[in-house]
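Visitor: the following comprises the amino acid sequence and a computationally predicted model.
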Amino acid sequence: MVINRDTCEIGQASAGAPALCPVCVPRHDFLVITFAHLSDLHIDLGERATDRARRLIDAVRPMAGLDAVLVTGDIADHGTPQEYAVVRDLLARFEVPVLTLPGNHDVREHFGPALLARPSPKHELNQAIAVGDTDFLLCDSTIPGQSGGELSGPTLEWLKSALADRDPDRRALIAFHHPPAVLHIPGVDRIRQIGEMRLAGIVSAHPEVAALLCGHAHTGFVTTFAGRPLVGAPGCVSTSRLPVEQRGSYELDSPPGYALHVLDDDGRLVTHFRAL
Ligand SMILES: [Fe+2]
Ligand SMILES: [Fe+2]
């Protein structure tokens, strides 16, 4: 006998709670997307940062079937046009779409024209970019002149509208630079994203948000935020350390790393971390 939603005894026994049964759960067959997640390149015109970024890009670039590359900020170290010229050459090596958002070391006025073709933006650089049937909602969490971050009122309104105005059968991923959670690394926690309860309220209203992605911490990490995965990419230029490791607050000689994310046909994000 073929088991389907009409004949499934588990589903009939759990009427009113069909989510308990894998046969009865209505499911979407989403397109699987695979994307690399880089962060904190801190390109500063010195050879060290550029070399580490180039090695990382060369490791990711030949992958077959990659749908996109996400770079979650601190792409330049001082945010000068000269640094972004180097960044643009480096990122041009990818043959797939490269999604970039600014970090606290970036400067909107130079980041926008160089990487987003937006002339001299003074306001937040928020972007909605479709990859397959997934919408990447890239939020600008920077506060000009400050190391810490926050999603501003206009950015939260933009995110609310971007989520409300889209087809809810499409998946969404939200990305920004600053993690909206305590990571138990004192130097990072002091400059994390604050005001996160407003973001949590928005995420909670949208089950189609599969995960939140960020950088800034210079360490690969996984936790939860508003019931969704919150994943940070390793740093390219350096690696932060937990106090328990007793190796100082950060290391320059740890290898650069990145994350590979698979957003599968169930809408589940699976993350693999790699170090060179
Ligand atoms: Fe950084
Ligand atoms: Fe940062």
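Guide: Yep, that arrived. Ligands and ions are numbered 1, 2, ... in the order given.
Visitor: near ligand 1, anything from the helix or strand encompassing residue 49?
Guide: For residue 49, the element it lies in under DSSP states H and E is helix 47-60. No - Helix 47-60 stays clear of ligand 1 (CB under 5 Å from the ion), getting no nearer than 10.9 Å. In short, each C-beta sits where N, CA and C put it, glycine included.
Visitor: dump that helix to CSV, restricted to CA.
Guide: Extracted in CSV, the C-alpha atoms of helix 47-60 (Å, rounded to 0.1, in the frame of the first residue of the first chain):
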residue,chain,number,x,y,z
GLU,A,47,50.9,42.1,1.6
ARG,A,48,49.8,40.0,4.5
ALA,A,49,46.0,40.6,4.4
THR,A,50,45.9,40.5,0.6
ASP,A,51,47.8,37.3,0.5
ARG,A,52,45.5,35.6,3.0
ALA,A,53,42.4,36.8,1.1
ARG,A,54,43.9,35.6,-2.2
ARG,A,55,44.6,32.2,-0.8
LEU,A,56,41.1,31.9,0.6
ILE,A,57,39.5,33.0,-2.7
ASP,A,58,41.7,30.6,-4.6
ALA,A,59,40.5,27.8,-2.4
VAL,A,60,36.8,28.6,-2.9
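Visitor: pLDDT (mean, whole number) over that helix?
Guide: Across helix 47-60, pLDDT averages out at 97.
Visitor: what comes up buried for that helix?
Guide: 49-50, 52-54, 56-57, 59-60 (16 or more other CB atoms under 10 Å).
Visitor: how about stretch 187-197: buried residues?
Guide: So for stretch 187-197, counting by 16+ other CB under 10 Å, buried means 188, 191-193, 196.
Visitor: closest to ligand 2 among the buried residues of helix 47-60?
Guide: residue 49 (13.9 Å; CB to the ion).
Visitor: hang on, isn't the closest one packed against residue 43?
Guide: Yes - contact criterion CB atoms under 8 Å: residue 49 and residue 43 qualify, at 5.4 Å.
Visitor: okay, and the common contacts of these two?
Guide: Common neighbours of residue 49 and residue 43, counting by CB atoms under 8 Å, 6 or more residues apart in numbering, are residue 77.
Visitor: okay, now the residue nearest to residue 178 when sequence neighbours are not counted: neighbour count?
Guide: Distances taken as CB to CB, 6 or more residues apart in numbering place residue 149 nearest to residue 178, at 3.1 Å, with adjacent residues excluded. Residues within reach of residue 149, counting by other CB atoms under 10 Å, total 26.
Visitor: tell me which residues touch residue 149, please.
Guide: Taking CB under 8 Å, 6+ apart, one finds 104, 141-143, 176-178, 191-194, 216 in contact with residue 149.
Visitor: filter these down to the ones in helices?
Guide: Using DSSP state H, no member of the contacts of residue 149 falls in helices.
Visitor: picking that back up, and the buried residues of helix 47-60, which is closest to ligand 1?
Guide: Closest to ligand 1, out of all of the buried residues of helix 47-60 and judged by CB to the ion, is residue 49, at 10.9 Å.
Visitor: picking up where we left off before, CSV for the buried residues of helix 47-60, including distance to ligand 2?
Guide: Shown next, in CSV, are the buried residues of helix 47-60 (distance: CB to the ion, whole Å):
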residue, distance to ligand 2
49, 14
50, 18
52, 16
53, 15
54, 21
56, 17
57, 20
59, 22
60, 21
